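> A structural model of the following input is requested.
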Amino acid sequence: MYRIVFYCPDTHLTYDIRALDERGVGGGVTSRIRMAHALAARGHAVTAFVNCPDEGAIAGVEYRHFARLKGVRSLRLRPETLDSDIFIAGTSGGGYDLSSLRGIRIEAKLRILMAHGVEAPGGMDCFPFDFVYAPSAFIRNIAVERWGAPPEKTFVCPRGVVSKYF
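Numbers count the residues shown, from 1 in each chain. Reported below is the predicted structural model:
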């Protein structure tokens with residue numbers, strides 16, 4: 001069993017597994033949350049630091065507001081140290097920026113940047129990612145050619161779908 005943390009500081013919407021099934025949301029949110037729930041269903045301890053409406057466990061995933069990790073000054077929270085086996089960060093809308101990771105101490109054996117589009121997220125320089133996870137060869141090539149990601153530090157894994165929705 002791995003301790004897996006997802007991090008997304010997007011504020012343009014709120015979400016959790018219910019939002020995917022009841023309202024529908026964009027592909028970036030869908031891929032993050034579906035992956036988190038698939039990993040939890042496989043027995044991993046999964047926490048999602050996201051812009052969630054309520055904190056707590058839903059279907060095996062522990063939801064926490066991303067401000068608990070990023071140390072927002074207006075909420076008077078201190079930056080924390082996060083210890084996990086796998087840390088997956090991504091942004092797919094709103095400010096499209098990961099600068100909120102600056103100053104946060106993240107102890108993880110594997111750190112992954114989840115790519116969601118052709119534009120590089122802001123703040124990529126503030127956190128040393130081990131790999132860039134791209135949803136297609138096209139996005140992988142963009143990450144290498146435009147973002148400067150080392151080719152050997154990128155991988156492609158098409159984001160899956162849930163067969164019951166076919």
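> okay, and the helix or strand of the chain with the least pLDDT?
When the helices and strands of the chain are scored by mean pLDDT, DSSP states H and E, helix 17-22 comes last with a mean of 65.
> C-terminal to that helix, which secondary structure element comes first?
Toward the C-terminal end, the helix or strand that comes next after helix 17-22 (DSSP states H and E) is helix 27-41.
> buried set for that following helix?
Buried positions in helix 27-41, judged by neighbour count with 16 or more other C-beta atoms under 10 Å: 28, 29, 30, 31, 32, 33, 34, 35, 36, 37, 39, 40. Where you see a C-beta, it was placed from the backbone N, CA and C, and this is true even at glycine.
> Then stretch 115-131?
Buried, per 16+ other C-beta under 10 Å, within stretch 115-131: 115, 116, 120, 121, 123, 124, 127, 129, 131.
> for the fourth one, what are its contacts?
In other words, residue 121. Neighbour list for residue 121: 90, 91, 96, 97, 98, 113 [criterion: C-beta atoms under 8 Å, 6 or more residues apart in numbering].
> For the fifth one, which non-adjacent residue is spatially closest?
Here the nearest residue to residue 98 in space, its sequence neighbours aside, is residue 123; by C-beta to C-beta, 6 or more residues apart in numbering that works out to 4.1 Å.
> just the strands in this structure please.
Counting by DSSP state E, the segments of the chain that form strands are 3-7, 45-50, 56-58, 61-65, 81-89, 105-114, 131-134, 154-156.
> mind checking how far the first one is from the chain centre?
How far strand 3-7 lies from its chain's middle: 8 Å, per C-alpha atoms, centre = their mean, to the nearest Å.
> That'll do, ta.
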